[in-house]
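Peer 1: just to be clear, the model below is a prediction. Sequence and coordinates:
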Amino acid sequence: MTEKMMEQSRDEDYRSPFGQETAPSEVRQDEPAVARFFGMAGLLLVFAAASIIMLNTWVGPRWLPTPWGYTFLIFGLAALLFHAARETETQLRRSYGFLGFGLVAVAIGLAVMPQQDAGMGALFLPWGAISGLLGLFFLMPFAHNETDPFYRTLTMRMLGGVGAAAALVGFVGGSASAEFLVSPGFVYIIFGLLYLWATIGLLGTNSEHGYRLALALGALGALAFLVALARSLAPMATSSATRYFLPSGLLLMASGAIYALFALALVSDNRLIALTRRELASYFYSPIAYTVLFGFTAIGWWTYFQFSGELYLRSEQGASLQEPIVRNFFIDFFPVMSAIFVVPVVTMKLLSEERRTGTLEVLLTAPVGELTVVLSKFFAGLIYYLLLWIPWGLFLVALRVEGGREFDYRPLLSFAVVLIATGASFIAMGVFFSALTRNQIIAAVLTFVGMMLLLGFYFIQSRVSPQWQTVLSQIGFVDLWIESLSGKLFLRSVIAQLSIAVFWLFLAVKALEARKWT
């Protein structure tokens with residue numbers, strides 16, 4: 001009895017004034033205060049943008065011009081997407097999810113709604129495409145953060161179904177009609193790839209469903225490539241094969257190859273592909289990648305604004321527009337100088353950062369050699385460099401939709417080939433300079449000097465002999481861009497640029513091997 005009273009008294013003496021203490025303490029997740037601030041600001045910008053656009057449309061110019069409304073809308077949607085990616089509270093997260101479902105439903109409705117004298121799918125561009133893209137961006141973080149299996153499974157099934165339907169419609173319809181393939185069939189193919197890629201990413205390639213979906217993606221791409229190749233080569237004696245190859249055959253083969261390569265990159269355990277996948281993902285772990293992408297897109301928007309304004313003034317004055325007009329869009333001060341500044345930023349950290357942090361030695365202890373490491377860095381940088389140019393191509397799609405007039409787009413096909421070849425030589429040069437030093441700034445400066453020399457070759461051609469003019473035009477890139485945008489594609493130019501890329505990569509491998517000699 002006495003012992004029990006002593007224990008009770010001891011418990012009362014040590015009782016906490018804040019209540020009885022229990023362990024372990026409850027752990028509460030931090031609230032995304034910054035993300036919610038951006039979400040509130042984005043919502044206000046969207047409302048302001050809607051007010052400006054509607055007042056200018058129905059009442060007339062009152063406050064600000066309509067372009068300001070679209071500018072507010074873009075920044076507002078960007079802020080809402082940032083909030084959607086970081087939000088953890090259930091109701092807010094699901095609100096963004098329902099918004100994504102609604103946007104995808106709007107895109108599907110505009111895709112299947114027929115228009116008089118235009119057929120089904122004519123309303124998909126531009127508003128249906130924009131709605132579908134925004135819906136995808138809202139649904140991806142929703143499905144990634146959702147804890148309820150029902151909503152998560154529903155979202156992934158919807159994304160996979162929409163992606164498969166868009167891909168099939170794009171490939172089948174594009175194979176049947178070249179006009180449908182150019183607009184909007186090719187956009188359907190790209191949307192199918194994005195939706196299926198997002199579904200595979202949410203499922204994970206380590207899961208059975210994700211792995212099978214990735215294999216199906218590759219099989220679809222391989223089948224589309226083989227069918228387009230067979231239709232282009234089989235009736236070579238007739239002129240119909242040539243007409244099919246440009247543009248239908250070439251676009252379908254390129255689309256099928258992209259599908260197959262994406263599937264290979266997702267499921268393959270090859271050392272080179274695994275390292276390339278790792279390096280490409282590392283770009284998007286840093287804010288520099290998003291800053292470069294946003295800045296390069298903003299420069300493209302400004303160039304497109306100037307380009308479309310000039311086209312409008314010429315059409316109002318009745319002046320004839322000489323084809324191909326796309327040459328004036330890419331051969332300008334801003335596109336050329338942007339490429340010169342972007343390449344050093346893309347390549348400066350590829351090998352120099354590995355050497356500075358000492359992770360290069362750790363990486364080479366794995367069963368990979370210097371050649372595999374250099375090639376993985378090169379392919380990752382080249383893929384990111386080409387991704388930067390995709391918004392520039394989308395601006396031309398907007399020009400076709402909003403302008404209501406057809407223009408000669410076929411030079412874009414030759415320009416895409418030259419862009420890949422010249423980009424390969426640019427990135428390979430940056431990889432070599434990044435392999436020479438541990439300092440990223442020094443690697444960037446050396447690459448920038450190399451890019452300026454390539455640009456200088458274009459301006460000094462008039463001061464040298466004709467033989468040297470030919471050499472400098474093949475080494476540089478401005479002449480190749482001009483020729484390709486004029487509809488001319490010379491195989492020797494592509495081979496010359498790829499040979500230069502191989503030369504720089506060879507030097508980069510030797511620079512890494514040189515560490516063994518010290």
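Peer 2: Structure's in. What do you need?
Peer 1: do you know the pLDDT at the nearest residue to residue 457 once chain neighbours are set aside?
Peer 2: Nearest non-adjacent residue to residue 457, counting by CB to CB, 6 or more residues apart in numbering: residue 476, 3.7 Å away. Heads up, the C-betas are built off the backbone N, CA and C, glycines and all. Residue 476 is assigned 89 on the pLDDT scale.
Peer 1: which residues touch residue 50?
Peer 2: Neighbouring residues of residue 50 by CB atoms under 8 Å, 6 or more residues apart in numbering: 69, 73.
Peer 1: do residue 258 as well
Peer 2: 193, 221.
Peer 1: likewise residue 197?
Peer 2: By CB under 8 Å, 6+ apart, the neighbours of residue 197 are 163, 217, 262.
Peer 1: now, the residues you listed that are in helices?
Peer 2: 163, 217, 262 (DSSP state H).
Peer 1: what is the lowest-pLDDT residue among these?
Peer 2: residue 262 (91).
Peer 1: wait, that residue sits on residue 217?
Peer 2: Yes. Look at residue 262 against residue 217 with CB atoms under 8 Å: they come within range, at 6.5 Å.
Peer 1: surely residue 379 is in a strand?
Peer 2: No. Using DSSP: H, G, I helix; E, B strand; the rest coil, the secondary structure at residue 379 is helix, not a strand.
Peer 1: that one contacts residue 276, correct?
Peer 2: Yes. Using CB under 8 Å, residue 379 is in contact with residue 276, at 4.7 Å.
Peer 1: between those two, which one's more packed in?
Peer 2: A direct count of neighbours by other CB atoms under 10 Å for residue 379 and residue 276 places residue 276 higher, at 23 against 20.
Peer 1: for the strand or helix carrying the more buried one, packing partners?
Peer 2: Assigned by DSSP states H and E, residue 276 belongs to helix 271-283. Packing partners of helix 271-283 (3 or more CB pairs under 8 Å, 6 or more residues apart in numbering; DSSP states H and E): helix 250-267, helix 370-403.
Peer 1: endpoints of stretch 353-369, how far apart?
Peer 2: 18 Å (CA to CA, to the nearest Å).
Peer 1: how about it: buried residues?
Peer 2: 353, 354, 355, 360, 364 (16 or more other CB atoms under 10 Å).
Peer 1: make TSV out of these and add pLDDT.
Peer 2: Shown next, in TSV, are the buried residues of stretch 353-369 (pLDDT from 0 to 100):
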residue	pLDDT
353	86
354	86
355	85
360	82
364	78
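Peer 1: in helices only, show me these.
Peer 2: 353, 354, 355, 360, 364.
Peer 1: now, among those, which is nearest to residue 501?
Peer 2: Closest approach to residue 501 among these (CB to CB): residue 354, at 20.6 Å.
Peer 1: residues contacting the closest residue to the closest one other than its chain neighbours?
Peer 2: Nearest non-adjacent residue to residue 354, counting by CB to CB, 6+ apart: residue 360, 3.9 Å away. Applying CB under 8 Å, 6+ apart to residue 360 gives the contacts 351, 354, 373, 512.
Peer 1: what's the farthest-apart pair in those residues?
Peer 2: Pairwise across the contacts of residue 360, and taking CB to CB, the largest span is found between 354 and 512, at 9.7 Å.
Peer 1: quick revisit: as a markdown table, the buried residues of stretch 353-369 with distance to residue 257 would be great.
Peer 2: Output for these, formatted as a markdown table (distance: CB to CB, whole Å):
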| residue | distance to residue 257 |
| --- | --- |
| 353 | 31 |
| 354 | 30 |
| 355 | 34 |
| 360 | 32 |
| 364 | 32 |
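Peer 1: these: which two are farthest apart?
Peer 2: 353 and 364 (14.9 Å).
Peer 1: I'd assumed residue 442 was in contact with residue 344.
Peer 2: No. Look at residue 344 against residue 442 with CB under 8 Å: they stay out of range, at 10.6 Å.
Peer 1: ok, those two, which is more surrounded?
Peer 2: Applying other CB under 10 Å to residue 344 and residue 442 shows that residue 344 carries more neighbours, namely 24 against 15.
Peer 1: using the three-state scheme, assign the more buried one.
Peer 2: helix.
Peer 1: just for the stretch 301-450 of the chain, where's the confidence low?
Peer 2: Scanning the stretch 301-450 of the chain for pLDDT under 70 picks out the ranges 319-321, 402-404.
Peer 1: I'd guessed residue 196 sits against residue 167; true?
Peer 2: Yes. The pair residue 196 / residue 167 is scored as a contact, 6.7 Å apart, by CB under 8 Å.
Peer 1: does residue 388 really touch residue 292, like I thought?
Peer 2: Yes. Counting by CB under 8 Å, residue 388 does reach residue 292; the two are 7.0 Å apart.
Peer 1: any residues in contact with both of these two?
Peer 2: residue 342.
Peer 1: isn't residue 192 up against residue 164?
Peer 2: Yes. Between residue 192 and residue 164 there is a contact under CB under 8 Å: 6.9 Å.
Peer 1: and the two? which has more neighbours close in?
Peer 2: Under the neighbour definition other CB under 10 Å, residue 192 and residue 164 were set side by side, and residue 192 has more, 24 against 18.
Peer 1: list the residues that contact residue 177.
Peer 2: residue 185.
Peer 1: neighbours of residue 309, just the number please.
Peer 2: For residue 309, using other CB under 10 Å, the count is 10.
Peer 1: whichever strand or helix holds it to helix 370-403, inter-axis angle?
Peer 2: In the assignment (DSSP H and E), residue 309 maps to helix 287-317. Angle, helix 287-317 to helix 370-403, by axes from the mean of the first three to the mean of the last three CA atoms, to 10 degrees: 30 degrees.
Peer 1: tilt between helix 287-317 and helix 271-283?
Peer 2: 80 degrees.
Peer 1: off-centre distance for helix 287-317?
Peer 2: 17 Å (CA atoms, centre = their mean, to the nearest Å).
Peer 1: mind listing what's buried in it?
Peer 2: In helix 287-317, counting by 16+ other CB under 10 Å, buried: 289, 292, 293, 296, 297, 299, 300, 303, 304, 307, 308, 311.
Peer 1: do the same with stretch 53-64
Peer 2: By neighbour count with 16+ other CB under 10 Å, stretch 53-64 contains the buried residues 53, 55, 56, 64.
Peer 1: then stretch 152-161?
Peer 2: Quick answer for stretch 152-161 (16+ other CB under 10 Å): 152, 155, 156, 158, 159, 160.
Peer 1: name the nearest of the residues you listed relative to residue 174.
Peer 2: Using CB to CB, the buried residues of stretch 152-161 come closest to residue 174 at residue 160, 21.0 Å.
Peer 1: nearest residue to residue 36 other than its sequence neighbours?
Peer 2: That would be residue 83: by CB to CB, 6+ apart, it lies 6.4 Å from residue 36.
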